[in-house]
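1. Take a look and give me a structure for this.
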Amino acid sequence: MKKLLISLGIACVAMVLTLPAMGQTHLTGAQSFSVGDSPVLWLDYSGGLFYNPAYLARVHQGDILMSADRFSQLSFFSGSYFIPEYGTLSAGVSNDLNQRWYSAGFGRLLSRNVMIGGALNLLSDGSDQATISLGMAGQFFDSSSPYSGLLADLSMMNVSPSPSASLAGVNAGMAYWVLPNVLSAEAAVQSQNGNTQLLLGSEARITSSFSAFLGTSSFNSIAAGAGLQESYLNIQASVGNYGLLVSLNFRFTDAARDVRTNHYDEGMKAYDEQRYYEAQQEFQFALNYDEYYSPAAEYARLSEAKAETTTTYYVQLAGEYEKRGDYREAIDYYSKVLIVNPHNNDAALRRDTLEAEAQRELNRLVAGADSLRKNEKFDEASLLYKRALDIDPDNESAISGLKEMDTKSDQAEDSPKNRPTNRYAHAQALLRRHRLEEAKKEFQHLAAIDPSDTRARLMADSLETLETGKSLLEGAKTADNDSSYYQRLSGFAESINRDPNQREAKEYLAQIRDVLRSKVSKFFKEGLQYYLKDDYRTAVQVWDKVLLIQPDHPATLDYTNRAQEKLEALGRLK
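-> Numbers count the residues shown, from 1 in each chain. Below you'll find the model as predicted:
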């Protein structure tokens, strides 16, 4: 395969644009020289400054580029620095013919596939002409990578009020990846000071880091070369009628792909922890360093949608609990909003306001309960302590007050601790402190003492459901065709349908479905295979798994209905 690619690269002469004179062939480095001296293909180093400043938008890290003619003369030097979300700054100097060209420019992406750029130049040839350069470039059709589709560029270089400005010209070119990521064909023209050139070239990417080049300028000269690209160093060499040219490109910041991967990993961590706003920012940073990285693009979109829907849902719940006077739940949900989006000022204000109100109410309840306890009015004191713990489950004053009452009343014949009302309050306190197993046993005990106590039975069943949800969530990542797992999940979902008020259980179900969502396509296709074999009953059983994970999956709902109709028709025939 490699030999074939090399043969294709050498045999295919295609097209690119450049500057015509010998000195000018040094302006963008050895790669440009070796494909007819025109970088129509997007350059990801600062050499584009002297051909089309729009190419600076492709530089996503700090770099320094040096080119030497026959190893003896430094003919070109430039550097660039990338500022995420803004663009890339660059400056450089080139020895060109009998003058020196100084330039400083800026380039940025307008979208993933469109670039613009500009530069200020000083041509030191005795007259010290000041000029500007403007450029743009774009990618069309297939844009799955930088090395695919059709690319086009246009630049006006060294524009000046003086009609005699040297090196003034217009560059225009196109390149097409005949084999995406493997082989390109390029063509360009340049008009400069009344002289028009046609340039042809080809690039063959032998591996991800090694490329070969071949090109010609108006068929008057031929050049060929090769390039080695690593994370922190590019080496390019070319040879032709104009001699030998070597370019070294050093990266002095972290490699763009490494930075991209780090931001993507941080984004995934934030996404898993439901910090969707932060996740979206991390994924966007990853795209700043590699706009073609499709996983980051997909999760940036998902994070934005999740942030919006989750924020709306949590704000709605917080408002409902706030109306009921349930400070703890309202504060918890406003806090969850701030986890999703730390910059939600409305949620932060409501949370802070409620925390202040809750603290005042907490102090009032504890003070009242303490007074009642001292007067041995244990039932009334217990109710106030319970309401205080509803606001702050870890309030030491309320906890110690309840413990002191328990100690004093243990000797009493009619112990408040053993009364159903106080025992229920004790179970609720355990629940608020997340001691779920102990709370479940208390509710089960109350239900056993009084079978008509539906409230205690519902609480015990609810805690059992939560334990089931936790267990199912832990097993979701490994669940596949385990029928017993999906039977348990079906029972769990049915339990929630019977009692929609089980908020925490519903959250567990949502998390389980998120983990299992990747299996939807697999199960749908598996059921479809049974359907095509006329095994409708098995198909429905498999599709039931899909509907457990994604109840509104359109294709599965459609085919399940078809299968049910066919089963009914077969039943009538019998």
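2. May I have the host helix or strand of Phe77 as PDB, with CA atoms only?
-> Using DSSP states H and E, Phe77 maps to strand 73-83. Written as PDB, here are the backbone C-alpha positions of strand 73-83 (Å, rounded to 0.1, in the frame of the first residue of the first chain):
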ATOM      1  CA  GLN A  73      21.700  31.500   4.600                       C
ATOM      2  CA  LEU A  74      18.800  32.000   7.000                       C
ATOM      3  CA  SER A  75      16.200  33.200   4.400                       C
ATOM      4  CA  PHE A  76      13.100  33.100   6.500                       C
ATOM      5  CA  PHE A  77      12.100  33.400  10.200                       C
ATOM      6  CA  SER A  78       8.700  33.700  11.800                       C
ATOM      7  CA  GLY A  79       6.800  32.900  15.000                       C
ATOM      8  CA  SER A  80       3.200  32.600  16.100                       C
ATOM      9  CA  TYR A  81       1.200  32.400  19.300                       C
ATOM     10  CA  PHE A  82      -2.400  31.000  19.600                       C
ATOM     11  CA  ILE A  83      -4.900  32.700  21.900                       C
END
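3. What strands flank the next helix or strand after that strand, and is each parallel or antiparallel?
-> Sequence order places strand 87-96 as the next helix or strand after strand 73-83, per DSSP H and E. Looking at strand 87-96 with DSSP bridges, its partner strands are strand 73-83 (antiparallel), strand 99-111 (antiparallel).
4. which residues sit against the shortest one?
-> Here strand 73-83 makes contact (CB atoms under 8 Å, 6 or more residues apart in numbering) with 23, 26-29, 45-47, 49-50, 56, 59-69, 88-95, 103, 245, 247, 253, 256. For every residue, glycine as well, the C-beta is placed using N, CA and C.
5. Okay, now the unreliable bits of the stretch 351-500 of the chain?
-> By pLDDT under 70, the weakly predicted segments of the stretch 351-500 of the chain are 406-440, 442-483, 492, 495-500.
6. since we're on Thr312, how many residues are nearby?
-> If you count neighbours by other CB atoms under 10 Å, Thr312 ends up with 11.
7. All the strands of this structure, in order from the start?
-> 63-69, 73-83, 87-96, 99-111, 114-124, 129-140, 150-159, 169-179, 183-192, 195-205, 210-217, 221-229, 233-240, 243-251 (DSSP state E).
8. Of all these, which one is nearest Tyr313?
-> strand 99-111 (31.9 Å; CB to CB).
9. contacts for that closest one?
-> Residues outside strand 99-111 that contact it (CB under 8 Å, 6+ apart): 27, 48-50, 53-59, 78, 86-95, 115-126, 133, 166-167, 291.
10. one step back: now the strands paired with strand 87-96 in a markdown table, please, with extra columns for mean neighbour count.
-> Formatted as a markdown table, the strands paired with strand 87-96 follow (neighbours: other CB atoms under 10 Å):
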| stretch | mean neighbour count |
| --- | --- |
| strand 73-83 | 19 |
| strand 99-111 | 19 |
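11. from the middle of its chain, how far away would the strand holding Phe77 be?
-> Mean-position distance between strand 73-83 and its chain equals 32 Å (CA atoms, centre = their mean, to the nearest Å).
12. Brilliant, that's me finished.
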